[in-house]
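Novice: Quick one: sequence and predicted model below, then my questions.
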Amino acid sequence: MSALDVSAFPSDFAWGASTSAYQIEGGWNMDGKGPSTWDTFCHAKGKVFEDQTGDVACNSYQLWEEDLKCILQLGLTHYRLSISWARILPDGTTNHVNLKGVEYYNKVIDNLIASDVTPMVTLCHFDLPQALEDCGGWQSTDIADIFENYARFCFKTFGDRVKLWITVNEPYVYAKLGHEDGIFAPGIKEPGISAYLVGHNMLRAHAKSWHSYNSDFRHLQGGQVSIALNSDWAEPLDPGCPKDVAATERYLAFSLGWFACPVFGTGDYPESMKSRIEARSLELGYNQGPRLPRFSKDEPSPLGTADFFALNYYTSRKVKNLNGARELSFTGDEGAEGVTDPSWPISGIYWLAVVPDGLRKLLKYIKDTYTSLPIYITENGFSQSGPVQKEDDDRCTFYQDTLQEVGKAISQEGVNVKGYFAWSLLDNFEWAEGFRLRFGLFHVDFSTPELKRTFYRSGREYAAVISKHHSQTKSKLV
Ligand code: PNW
């Protein structure tokens, strides 16, 4: 990454790395933690690669000090972590607080701040308390108020020190992979129905929490709250084919637009989503009410409920029109299929085509379509599978090319990018793929109980980028 021109990045640019609780913490039943949907999902056989689990993962619950060393070696200005909801509220409600869990996050947050690292904290990164799943989980209307209570508890407990909050991570992924495809926890397969309901309740939960923060905490704490949205960049497979062009618009509407339009656009779902889903319900004779729920006038609107845009970007797609699906399904409603371009290298896993300039295009699209608010890239990364390569030149090239595109988005497209968080600080439990995919800037040796962390070359080079930017900024000040 030494060739990277860092002059495009503003002096207060946030250089970060991200993790999530279930993927790194382990200690799945330690010190009073309640189980989450991912504990349940992994303990059922046949769901995850080789039936691996996050029971121990990187054991960050006990080895936090080792993670902190990694953060300091990288010279990060920011670190994004998530709170395990069931670690602090074992049954998901504030009826019972697990003080040991609260102590753990107090230690993490205090250590970060003492080291001059700004924490960004996600409240729910896929791991819903199982007790809440047992009452309908994200499909239940009540979840929005329960989440709001949890969010208020976190604002009250940690908000004196945490100033950057993400309510929900990637509602698209948890809704679609968890309730349409059934390949993520909670493993529900109800195509064309549940994902829309789950997404809706996540938006309601997010909006209520933002409003709570805005009215009761902002004046005291002065922080910011957002929701992390994942999106591919998409272009028509055949730009000369109007059907592919329209399918591409739908592809973006059904992923980014699903959540960005209510929060940053019109306050409602994208028109194409509403009309397609309604038309297909009619066509397929579905008459049990609207599949895409409507926002109630009696609740706070989702519009404007974000203080910055949080984007998780991994890959891009060429999109072609898809028609004729005769069964209810999200993809049938979407009427679009994303494919990879043969010229794009694949990183570790089939879906992860490496397309750095897609990030620049997506950033510009967000600015032009949704908002001029600052954007944090809250996740972006490159995975390895197969034999470990500590000298991970491919990943180094990936980060250099991607950061170059972020720099161009700032200097050439005028996008207000405030920060970049690499996924991930450490190799960790990559959901249904288990430990076979490695996204870390630090390698973790999962074969020994010490779970030793050691630098990948990409980690060392990322540290050099941060320090180069830092010294350039300092010399400008002199
Ligand atoms: C994101 N897919 O999830 C998550 O926020 C991280 O927890 C995760 O480790 C990271 O991306 C890398 O995968 C995704 O299958 C998980 O398309 C799976 C998919 C997309 C995003």
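Specialist: Alright, I've got the coordinates. As the structure is a prediction and not an experimental result, all values here were calculated from the model.

Novice: number of nearby residues for H200?
Specialist: 24 (other Cβ atoms under 10 Å). No exception for glycine: its C-beta is placed from N, CA and C like everyone else's.

Novice: For it, list the residues it contacts.
Specialist: Residues in contact with H200 (Cβ atoms under 8 Å, 6 or more residues apart in numbering) are L292, P293.

Novice: Can you verify it is assigned to a helix?
Specialist: Yes. Applying DSSP: H, G, I helix; E, B strand; the rest coil, one finds H200 inside a helix.

Novice: tell me the mean pLDDT for the helix or strand S467 falls within?
Specialist: According to DSSP states H and E, S467 maps onto helix 457-477. Average pLDDT, helix 457-477: 93.

Novice: list the buried ones in it?
Specialist: Neighbour-count burial for helix 457-477 flags R457, S458, G459, E461, Y462, A463, V465, I466, K468, H469, H470, T473 (criterion: 16 or more other Cβ atoms under 10 Å).

Novice: Which elements pack onto that helix?
Specialist: strand 14-18, helix 60-74, helix 393-411 (3 or more Cβ pairs under 8 Å, 6 or more residues apart in numbering; DSSP states H and E).

Novice: related to what we said a few turns ago, got a markdown table for the buried residues of helix 457-477, with distance to the ligand too?
Specialist: Below are these laid out as a markdown table (distance: Cβ to the nearest ligand atom, whole Å):
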| residue | distance to the ligand |
| --- | --- |
| R457 | 20 |
| S458 | 15 |
| G459 | 17 |
| E461 | 20 |
| Y462 | 17 |
| A463 | 21 |
| V465 | 21 |
| I466 | 22 |
| K468 | 27 |
| H469 | 25 |
| H470 | 27 |
| T473 | 30 |
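
Novice: Export the helix holding S467 to PDB, keeping only CA atoms.
Specialist: Once non-C-alpha atoms are left out, helix 457-477 reads as follows in PDB (Å, rounded to 0.1, in the frame of the first residue of the first chain):
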ATOM      1  CA  ARG A 457       1.500  -8.200   5.800                       C
ATOM      2  CA  SER A 458      -1.800  -6.200   5.000                       C
ATOM      3  CA  GLY A 459      -2.100  -5.300   8.700                       C
ATOM      4  CA  ARG A 460       1.500  -3.900   8.700                       C
ATOM      5  CA  GLU A 461       0.900  -2.000   5.500                       C
ATOM      6  CA  TYR A 462      -2.500  -0.600   6.700                       C
ATOM      7  CA  ALA A 463      -0.600   0.700   9.800                       C
ATOM      8  CA  ALA A 464       2.000   2.300   7.500                       C
ATOM      9  CA  VAL A 465      -0.800   4.100   5.600                       C
ATOM     10  CA  ILE A 466      -2.300   5.400   8.800                       C
ATOM     11  CA  SER A 467       1.000   6.600  10.100                       C
ATOM     12  CA  LYS A 468       1.900   8.200   6.700                       C
ATOM     13  CA  HIS A 469      -1.400  10.100   6.800                       C
ATOM     14  CA  HIS A 470      -0.800  11.100  10.300                       C
ATOM     15  CA  SER A 471       2.700  12.600   9.600                       C
ATOM     16  CA  GLN A 472       1.500  14.400   6.500                       C
ATOM     17  CA  THR A 473      -1.300  16.000   8.500                       C
ATOM     18  CA  LYS A 474       1.100  17.000  11.300                       C
ATOM     19  CA  SER A 475       3.600  18.500   8.800                       C
ATOM     20  CA  LYS A 476       0.700  20.500   7.200                       C
ATOM     21  CA  LEU A 477       0.000  22.000  10.700                       C
END
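
Novice: How far away from the center of its chain is it?
Specialist: Put simply, helix 457-477 sits 26 Å off its chain's centre (Cα atoms, centre = their mean, to the nearest Å).

Novice: Identify whichever of the helices and strands packed on helix 457-477 lies nearest to the ligand.
Specialist: strand 14-18 (7.8 Å; Cβ to the nearest ligand atom).

Novice: which other residues reach the following helix or strand past that closest one?
Specialist: Next helix or strand after strand 14-18 toward the C-terminus (DSSP H and E): helix 21-24. Contact with helix 21-24 is made by 36, 38, 54, 57-58, 60, 67, 81-84, 87, 125-127, 424-426, 428-431, as judged by Cβ under 8 Å, 6+ apart.

Novice: Now intersect the residues you listed with the helices, please.
Specialist: W38, S60, D67, R87 (DSSP state H).

Novice: Would you mind giving the residues you listed as a markdown table with distance to N214 added?
Specialist: Supplementary listing: the ones in helices among the contacts of helix 21-24 in a markdown table, determined by distance: Cβ to Cβ, whole Å:
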| residue | distance to N214 |
| --- | --- |
| W38 | 30 |
| S60 | 32 |
| D67 | 32 |
| R87 | 27 |
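
Novice: Can you read off the pLDDT for the residue in the stretch 251-400 of the chain positioned nearest to the ligand?
Specialist: Relative to the ligand, the nearest point of the stretch 251-400 of the chain is W351 (5.0 Å; Cβ to the nearest ligand atom). We have a pLDDT of 93 for W351.

Novice: Need the three-state assignment for it.
Specialist: coil.

Novice: and it, what is it in contact with?
Specialist: Applying Cβ under 8 Å, 6+ apart, the residues near W351 are Y314, T315.

Novice: let's see 7 Å
Specialist: T315 (Cβ atoms under 7 Å, 6 or more residues apart in numbering).

Novice: Please renumber the chain so that the first residue is 58 from this point on.
Specialist: OK, 58 is where the count begins now, so the last one is W408.

Novice: still on that earlier bit, so which of the helices and strands packed on helix 514-534 is the most packed in?
Specialist: strand 71-75 (a mean of 25; mean count of other Cβ atoms under 10 Å).

Novice: in its sheet, what does it sit against?
Specialist: strand 135-139 (parallel), strand 474-480 (parallel) (DSSP bridges).

Novice: so of those strands, which one's packed in deepest?
Specialist: Scoring the strands paired with strand 71-75 by mean count of other Cβ under 10 Å, the most buried comes out as strand 135-139, with a mean of 26.

Novice: now that one and helix 117-131, what's the angle there?
Specialist: 160 degrees (axes from the mean of the first three to the mean of the last three Cα atoms, to 10 degrees).

Novice: what's strand 135-139 in contact with?
Specialist: 71-78, 128, 165, 169, 174-179, 182, 226, 435, 476, 478.

Novice: likewise stretch 377-396?
Specialist: Contacts of stretch 377-396 (Cβ under 7 Å, 6+ apart): 233, 237, 248-250, 252, 289, 291, 294, 300-301, 304, 307-308, 311, 333-334, 337, 341, 343, 374-376.

Novice: Just the buried ones from these?
Specialist: Judged by 16+ other Cβ under 10 Å, buried ones among the contacts of stretch 377-396: 233, 237, 248-250, 252, 289, 291, 294, 300-301, 304, 307-308, 311, 333-334, 337, 343, 374-376.

Novice: In strands, which of these appear?
Specialist: A291, R374, K375, V376 (DSSP state E).
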